[in-house]
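J.: show me how the following folds:
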Amino acid sequence: MFKLWFWGLRGMAALYRRTGMWIATRLHRASLARVGPGTRFQAGVRFDCPQRVEIGANCYFWQGVGAAAEGEHASLKIGDRVQVNRFALLDTVGGLMLGDDVMISEFAIISTHDHGHDPHSPPKPAPKTIGSGAWIGMRAVILPSCRDIGAGAVIGAGAVVTRNVPAGAIVAGNPARVIGHRDKREVAA
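T.: Numbers count the residues shown, from 1 in each chain. Reported below is the predicted structural model:
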């Protein structure tokens with residue numbers, strides 16, 4: 001009896017998740033500037049200034065992802081096959097571009113503006129580009145002083161990135177430092 005009840009509840013939960021994803025995907029397709037074919041959104045994904053968001057094909061956004069924006073510089077451009085995992089925060093105030101095949105892990109924070117020492121001052125935009133095939137690890141923080149993360153770079157879990165990251169570099173720590181480089185064949189693939 002317990003197994004029947006358990007599998008019945010699991011089936012209902014799966015139906016609830018799929019229905020929520022179907023509705024969220026339809027809503028985002030209607031409100032964002034551009035959404036490529038095959039891109040899906042779980043329920044609970046939020047975009048400020050949706051008219052300035054362009055997303056490529058076959059991307060996937062998990063629940064709780066937020067893209068915060070304010071001001072005239074705010075924009076978000078995402079390539080194809082990008083995955084943004086649960087509760088990642090994409091600050092797009094300064095403009096954020098993600099290349100193809102980028103992976104952003106859970107709870108990562110990417111910031112594109114700074115207020116200096118006065119939180120009431122207007123934001124100073126700091127545009128950011130993340131190259132194709134880059135991977136941002138869980139709970140990594142990318143500060144506004146980092147303007148470019150190269151293609152194929154890997155940001156370790158919990159890293160605090162304060163400066164630009166070269167293509168194919170593996171960085172970790174606080175502040176993040178280069179600890180290795182990916183094989184050129186991995187970066188090109």
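J.: would you map the helices across the protein?
T.: Under the criterion DSSP state H, the chain contains helices at 2-31, 184-188.
J.: nearest to Lys128, out of the ones you listed?
T.: helix 184-188 (19.7 Å; C-beta to C-beta). In short, each C-beta sits where N, CA and C put it, glycine included.
J.: now that closest one: average pLDDT?
T.: Helix 184-188 shows a mean pLDDT of 66.
J.: residues touching Ser145, list them.
T.: Asp114, Ala126, Thr162, Arg163 (C-beta atoms under 8 Å, 6 or more residues apart in numbering).
J.: again, 6 Å this time
T.: By C-beta atoms under 6 Å, 6 or more residues apart in numbering, the residues touching Ser145 are Thr162.
J.: what is the least confident helix or strand in the chain?
T.: Using mean pLDDT, DSSP states H and E, the weakest-scoring helix or strand in the chain turns out to be helix 184-188, at a mean of 66.
J.: so what's the residue nearest the centre of the chain bridging to?
T.: Compute the mean C-alpha point of the chain, and by C-alpha atoms, centre = their mean the closest residue is Val84, 4.3 Å away. Listed by DSSP bridges, the beta-bridge partners for Val84 are Phe61, Ile104.
J.: give me the below-cutoff pLDDT ranges for this structure.
T.: The chain contains residues with pLDDT under 70 at 185-189.
J.: with adjacent residues omitted, what lies nearest to Val178?
T.: Nearest non-adjacent residue to Val178, counting by C-beta to C-beta, 6 or more residues apart in numbering: Ala169, 4.9 Å away.
J.: returning to what we had before: now tabulate the helices of the chain in a markdown table and tack on distance to Val154.
T.: Output for the helices of the chain, formatted as a markdown table (distance: least, C-beta to C-beta, whole Å):
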| stretch | distance to Val154 |
| --- | --- |
| helix 2-31 | 29 |
| helix 184-188 | 10 |
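J.: just to check, Cys146 is in contact with Val161?
T.: Yes. With contact defined as C-beta atoms under 6 Å, Cys146 and Val161 form a contacting pair (4.7 Å).
J.: check contacts around Leu98.
T.: Ile78, Gly79, Val82, Ile130.
J.: now with 8 Å?
T.: Leu98 neighbours (C-beta under 8 Å, 6+ apart): Leu76, Lys77, Ile78, Gly79, Val82, Ile104, Ile130.
J.: identify the bridge partners of it.
T.: Bridge pairing for Leu98 - DSSP bridges - gives Ile78, Ile130.
J.: Phe47 versus His120, what's the distance?
T.: In this structure, His120 and Phe47 are 25 Å apart, going by C-beta to C-beta, to the nearest Å.
J.: quick one, which of those two is more surrounded?
T.: Neighbour count, other C-beta atoms under 10 Å: between His120 and Phe47, Phe47 has more, with 23 against 5.
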